[in-house]
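[1] Model the structure of this input:
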Amino acid sequence: MADATTQDAPVLFREVKAANGKRIGFAQLNVEKSLNALSLPMIRLLDPQLQRWSSDPGIACVVLHGAGEKAFCAGGDVRSLYRAILDHQGPPPNLANLAFFDEEYSLDYRIHRYPKPLMVWGSGIVMGGGLGLMAGASHRVVTETSRVAMPEITIGLFPDVGGSWFLRRMPGRMGLFLALTGASINGHDLLVAGLGDHFVRSADRDSLFQQLAAVDWSDDADANRAVLSAVLATLAEPARELLPASPLQQHAQAIEALTAGATLAEVHVAITGYAGDDPWLKRAAATLAAGSPTTAALVWALRERAAALSLSEVFRLELVVALQCCAHPDFAEGVRALLIDKDNVPKWTPPTLAEVTPEWVEEHFRAPWTDSAASVGI
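    Numbering: from 1, shown residues only. Here you go, the predicted structure:
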């Protein structure tokens with residue numbers, strides 16, 4: 001395991017003593033050159049440290065942020081997943097990818113259930129696995145530089161890391177639209193969608209971190225959550241003038257109309273057939289049209305199947321689908337086309353939505369282990 005005490009470790013940890021002796025734990029994703037993309041070694045550093053802090057009575061608050069100004073976390077390390085897929089011959093589970101998804105989802109789940117205030121500084125790029133880290137935090141801070149997406153439709157995966165849970169809980173069918181189109185949204189959008197709690201200026205990060213050391217923290221987690229919210233509220237007014245327009249808010253009626261169909265085929269036709277002149281909606285339509293038909297079908301199926309599931313059940317279901325995506329063609333092909341060869345011409349299997357059969361979709365929901373095999377640690 002990497003040594004998190006060295007400055008080149010993929011995750012850095014430090015503790016700051018507050019005025020009354022309580023401590024704040026800071027965890028920094030520290031792979032700036034890859035926009036802090038989340039890897040298995042990072043997960044294996046971050047998860048146990050968060051657990052230690054959760055049981056340490058001296059730790060009052062935890063802060064999770066990324067190195068640099070460009071990104072909190074640009075998603076999972078899909079290049080490593082791609083290499084593991086190529087190295088694995090035979091049926092799932094691929095043990096390397098099983099470890100990544102299992103441990104990532106377990107970490108995300110624990111963040112959702114964290115017993116202390118946990119603030120994520122979601123400035124800059126937040127995609128895929130980064131949103132998985134952020135979605136369950138008690139205090140999700142966004143700024144004028146936040147750029148967020150679940151772009152799995154472009155690589156043949158699906159919006160995982162609990163996306164089947166939190167996308168469904170957005171107003172109306174916003175989550176369905178974002179899952180199908182991979183549309184990029186901003187900090188204001190996250191407030192509208194219920195995935196952000198506080199909008200502050202990106203320039204106020206260091207000042208905020210310093211202010212946390214002046215807080216009179218207590219032994220009561222609920223009281224500490226309220227105190228953290230109050231500190232963040234003091235930064236809201238200066239940030240108001242930087243609040244960008246919200247495409248989700250501006251196009252709420254259009255999104256509902258485009259996703260109103262009773263079947264995926266109807267919604268697919270409506271979105272890809274968008275004939276208006278709004279650039280954001282045009283990009284969304286083009287992305288779905290060029291994206292993996294299998295991903296679109298999985299988005300629809302997961303939305304239906306996850307409707308009555310608990311959060312832990314959602315993560316277990318997503319683990320099955322993620323491993324099956326590794327065993328089916330589109331994920332590796334999408335990563336190849338977008339990130340490896342960069343020809344941007346993926347050859348999807350099947351190539352069209354009309355050719356995606358119920359049997360093909362059902363294969364992706366078949367658990368790739370026996371009853372006696374380990375599945376997910378949630």
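
[2] burial count for Lys33?
    Per other CB atoms under 10 Å, the neighbour tally for Lys33 reads 8. (Glycine included, C-beta is placed from N, CA and C.)

[3] Give me the phi and psi for it.
    phi -70, psi -20 (degrees, to the nearest 10).

[4] ditto for Gly196
    The phi/psi pair for Gly196 (degrees, to the nearest 10) is phi -130, psi 150.

[5] residues in contact with it?
    Gly122, Arg140, Val141, Val142, Ser146, Gly187, Leu190 (CB atoms under 8 Å, 6 or more residues apart in numbering).

[6] So which of these wins on neighbours?
    Gly122 (33 neighbours).

[7] Can you name the next helix or strand after the helix or strand harbouring Gly132?
    Assigned by DSSP states H and E, Gly132 belongs to helix 129-135. Scanning forward in sequence from helix 129-135 by DSSP H and E, the next helix or strand is strand 139-142.

[8] The next helix or strand after that next one: how far from the chain's middle?
    Where DSSP H and E defines the elements, the next helix or strand beyond strand 139-142 is strand 147-149. From the chain centre to the centre of strand 147-149 is a distance of 9 Å (CA atoms, centre = their mean, to the nearest Å).

[9] Which elements pack onto strand 147-149?
    strand 125-127, strand 185-186, helix 187-193 (3 or more CB pairs under 8 Å, 6 or more residues apart in numbering; DSSP states H and E).

[10] can you give me the mean pLDDT across it?
    Taken as a whole, strand 147-149 has a mean pLDDT of 98.

[11] So what are the sheet partners of it and their directions?
    strand 125-127 (parallel), strand 185-186 (antiparallel) (DSSP bridges).

[12] quick one on the thing from earlier: deepest in the core, which of the helices and strands packed on strand 147-149 is it.
    strand 125-127 (a mean of 27; mean count of other CB atoms under 10 Å).

[13] In contact with the residue positioned nearest the centre of the chain: list those residues for me.
    Nearest to the mean C-alpha position of the chain, by CA atoms, centre = their mean, lies Leu131 at 2.4 Å. For Leu131, the contact set (CB under 8 Å, 6+ apart) comprises Val148, Met150, Val161, Gly163, Leu195.

[14] out of everything not next to it in sequence, what's closest to the second one?
    When you say that, I think you mean Met150. Pro159 (3.9 Å; CB to CB, 6 or more residues apart in numbering).

[15] Return the residues in contact with the one you found.
    Gly128, Met150, Glu152, Leu167, Leu178, Ala179, Val299.

[16] could you redo the residues you listed as TSV and give each row distance to Phe101?
    Converted to TSV, those look like this (distance: CB to CB, whole Å):
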residue	distance to Phe101
Gly128	12
Met150	16
Glu152	13
Leu167	18
Leu178	21
Ala179	18
Val299	17
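
[17] Adding distance to Leu81 and secondary structure as columns, could you present those residues in a markdown table?
    Formatted as a markdown table, the contacts of Pro159 follow (distance: CB to CB, whole Å; DSSP: H, G, I helix; E, B strand; the rest coil):
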| residue | distance to Leu81 | secondary structure |
| --- | --- | --- |
| Gly128 | 11 | coil |
| Met150 | 16 | coil |
| Glu152 | 12 | helix |
| Leu167 | 21 | coil |
| Leu178 | 22 | helix |
| Ala179 | 20 | helix |
| Val299 | 19 | helix |
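
[18] Most neighbours out of those residues, which is it?
    Among those, Met150 has more neighbours than the rest - 30 neighbours, counting by other CB under 10 Å.

[19] list the contacts for that one?
    Met127, Gly128, Leu131, Pro159, Gly163, Leu167, Leu178, Ala179, Gly182.

[20] That one and Leu232, how far apart?
    Distance from Met150 to Leu232, counting by CB to CB, to the nearest Å: 25 Å.

[21] Tell me the secondary structure of Gly25, please.
    Put simply, Gly25 is strand when judged by DSSP: H, G, I helix; E, B strand; the rest coil.

[22] If anything else comes up later, I'll come back, but that's it for now.
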